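Enquirer: Let me see the structure of the following:
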Amino acid sequence: MRTSSGRAAGSRRRTVALMAAAALGAGLLTGCADDGDDRAGTSSGAGGGSGRTTVTIGVFGVFGYQQAGLYDRYMRLHPDVRIEETSIERNENYYPQLLTHLGSGSGLADIQAVEVANINEVTTTQADKFIDLSKAKGVEKNSFIPWKWAQSTTKDGRTIGLGTDIGPMAICYRKDLFRRAGLPTDRKEVARLWAGDWQKYLDTGKRYMKRAPGGTAFVDSAAGVYNAAVSSSAQRYYDTDGTPVYQDSPAVREAWRIATAAAKGKLTARLQQFQKTWDQAYANGRFATVSCPPWMLGYIKEKAGAKAEDQWDVAAAPRPGNWGGSFLTVPRAGRHTDEAVKLAAWLTAPEQQATLFEKQGSFPSSRAAYELPQVADARHPYFGDAPIGTLFSKAAEGVPTQVLGPKDSLIHQNITDVGLLQVDQQGKSPDEGWKAAVRSIDNALDR
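Expert: Presented below is the predicted three-dimensional model:
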């Protein structure tokens, strides 16, 4: 997912997301994060073996199709098909291999997964190497969230990827800490505190810090605030012509202002996400809020532990944004493109996406799935029986269609892990942090 350092961080986040999401569906939630190793694994459903056509699927991490029993179900419906999945744990290793295979036209699986961080680059530079799935039998454009469909669609209308999961964001908060700070704890009342404006979120943080329980902060990190705020805007790092505009982007500037104000206002716990200190802070109850997509709920439960059960809850974010997600694509150079298209369409259909959420916790990119009981009725007992199905569905519907560029993730990662980290942890000024981020980005982009 990003620069040499950023890719490692991004891959770690994707691994955590997949592991936590899988745990999310098991209870409806429990969480477990483990980076694992980078070896490729090959597996197929128990119902396979006799199929005359073997459809291969290349993924990174755990997509959950096998674990949720979907491969076996498909093979029972199609006895002549055998499904074989190969997984490489980290996207930072998977994606370069995918590009190499696309360049040579060999070594490709019949279906290849693509992470959202890479979908724009694939769509803008490699589209001719993939099947257009927009007119495939069983694919209904209107069943997908519009912004998800747009991410894998070329300017001339070809759709090369079908959406799998997404990560619409909410705010997870500690009811016990809010209560002690004199703030409301009901999720609807909490959402009203900051509805529509990230500045209101900061204002709530200032109220919290006036009566904050000792040793606690309002939010985990400046980078977390930035990520949520900038993700709720349509144009961030590129314009519609594909030109990098991050230095002058109003959305980036505003998100930077909000995040650095949180740091300078001493509202943050000065942590770095997905590090051991962040995990320990969950266990010790050191911060009261964190921006959270569905896949993070299992992670929070794992790290905060049984003692924090029903202390955490989930409220709508000031403005909806998205963090994470992937696509299934069908390379033209695959051996069984017709069968691959049928399988990709079936795996991403509403019914299968709802099942995957129920079993594995991967939140659907199919808006039609939101009406199915596995999603519509989903609640999370650890988070005060929060109605996570309806809460995250509403957030997903409100996410803007973003203008993406080929190096979105690289730019984003350097802003958070270079610039904001210096402001939040090293006490640098916002101007110093911004200049450091720009230098790092320009070096990475060879500008």
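
Enquirer: Let me know the helix or strand that the spatially most central residue of the chain is in.
Expert: In the chain, the centroid-proximal residue (C-alpha atoms, centre = their mean) is Gly324; its distance is 1.7 Å. Counting by DSSP states H and E, the element that carries Gly324 is strand 322-329.

Enquirer: what angle sits between the next helix or strand after that strand and strand 322-329?
Expert: Toward the C-terminal end, the helix or strand that comes next after strand 322-329 (DSSP H and E) is helix 337-347. Here helix 337-347 runs at an angle of 150 degrees relative to strand 322-329 (axes from the mean of the first three to the mean of the last three C-alpha atoms, to 10 degrees).

Enquirer: Helix 337-347: which residues count as buried?
Expert: Buried residues in helix 337-347, counted by 16 or more other C-beta atoms under 10 Å: Thr337, Glu339, Ala340, Val341, Lys342, Leu343, Ala344, Ala345, Trp346, Leu347. Heads up, the C-betas are built off the backbone N, CA and C, glycines and all.

Enquirer: Repeat that for stretch 180-190.
Expert: Residues Arg180, Ala181, Leu183, Pro184, Thr185, Arg187, Val190 are the ones in stretch 180-190 that count as buried (16+ other C-beta under 10 Å).

Enquirer: And for stretch 216-235?
Expert: Counting neighbours by 16+ other C-beta under 10 Å, stretch 216-235 gives 216-233, 235 as buried.

Enquirer: and if you look at stretch 96-103?
Expert: Gln97, Leu98, His101, Leu102.

Enquirer: Show the subsequent helix or strand relative to the helix or strand hosting the last one.
Expert: For Leu102, the host element (DSSP H and E) is helix 91-104. Using DSSP H and E, the helix or strand that follows helix 91-104 towards the C-terminus is strand 111-115.

Enquirer: now for the next helix or strand after that following strand, which elements pack on it?
Expert: Note on strand 111-115: by DSSP H and E, the next helix or strand toward the C-terminus is helix 116-125. Using 3 or more C-beta pairs under 8 Å, 6 or more residues apart in numbering; DSSP states H and E, the elements in contact with helix 116-125 are helix 91-104, helix 146-151, strand 161-168, strand 322-329, helix 408-414.

Enquirer: and stretch 279-290, what's its mean pLDDT?
Expert: On average, the pLDDT along stretch 279-290 is 98.

Enquirer: Off-centre distance for it?
Expert: Offset of stretch 279-290 from its chain centre (C-alpha atoms, centre = their mean, to the nearest Å): 21 Å.

Enquirer: What's the end-to-end length of that stretch?
Expert: 13 Å (C-alpha to C-alpha, to the nearest Å).

Enquirer: which residues are contacting that stretch?
Expert: With C-beta atoms under 8 Å, 6 or more residues apart in numbering as the contact definition, stretch 279-290 has outside contacts at 171-174, 176-178, 181, 205, 208, 212, 215-220, 224, 268-269, 271, 296, 300, 303-305, 308, 311.

Enquirer: related to what we said a few turns ago, looking at the buried residues of helix 337-347, which one is closest to Lys407?
Expert: Nearest to Lys407 out of the buried residues of helix 337-347 is Ala344 (C-beta to C-beta; 26.8 Å).

Enquirer: what pLDDT does that closest one get?
Expert: The model's pLDDT for Ala344 equals 98.

Enquirer: do Leu445 as well
Expert: Confidence score, pLDDT, at Leu445: 88.

Enquirer: For it, give me its contacts.
Expert: Counting by C-beta under 8 Å, 6+ apart, Leu445 touches Pro244, Lys407, Leu410.

Enquirer: 7 Å instead, please
Expert: For Leu445, the contacting residues are Lys407, by C-beta atoms under 7 Å, 6 or more residues apart in numbering.

Enquirer: about what we covered before: take the buried residues of stretch 216-235 and keep only those in strands.
Expert: Within the buried residues of stretch 216-235, residues falling in strands by DSSP state E are Ala217, Phe218, Val219.

Enquirer: what sits against the residue nearest to the second one when sequence neighbours are not counted?
Expert: Once flanking residues are discounted, Phe218 sits nearest to Gly205: 3.7 Å by C-beta to C-beta, 6 or more residues apart in numbering. Shown in contact with Gly205 (C-beta under 7 Å, 6+ apart): Phe218, Val219, Ala262, Leu267.

Enquirer: Let me see the ranges of the strands in the chain.
Expert: Secondary structure of the chain (DSSP E): strands at 40-44, 53-60, 81-88, 111-115, 161-168, 170-174, 217-219, 287-292, 312-316, 322-329.

Enquirer: Buried deepest among the helices and strands packed on helix 116-125, which one?
Expert: Most buried of the helices and strands packed on helix 116-125 by mean neighbour count (mean count of other C-beta atoms under 10 Å) is strand 161-168; its value is a mean of 27.

Enquirer: That one packs against which elements?
Expert: helix 146-151, strand 322-329, helix 388-398 (3 or more C-beta pairs under 7 Å, 6 or more residues apart in numbering; DSSP states H and E).

Enquirer: coming back round to it: so which of the strands of the chain is nearest Ser429?
Expert: Closest among those, using C-beta to C-beta: strand 217-219, at 19.9 Å.

Enquirer: Assess the claim that Gly61 and Glu92 are in contact.
Expert: No: in this structure Gly61 lies outside contact range of Glu92 using C-beta atoms under 7 Å: 11.2 Å.
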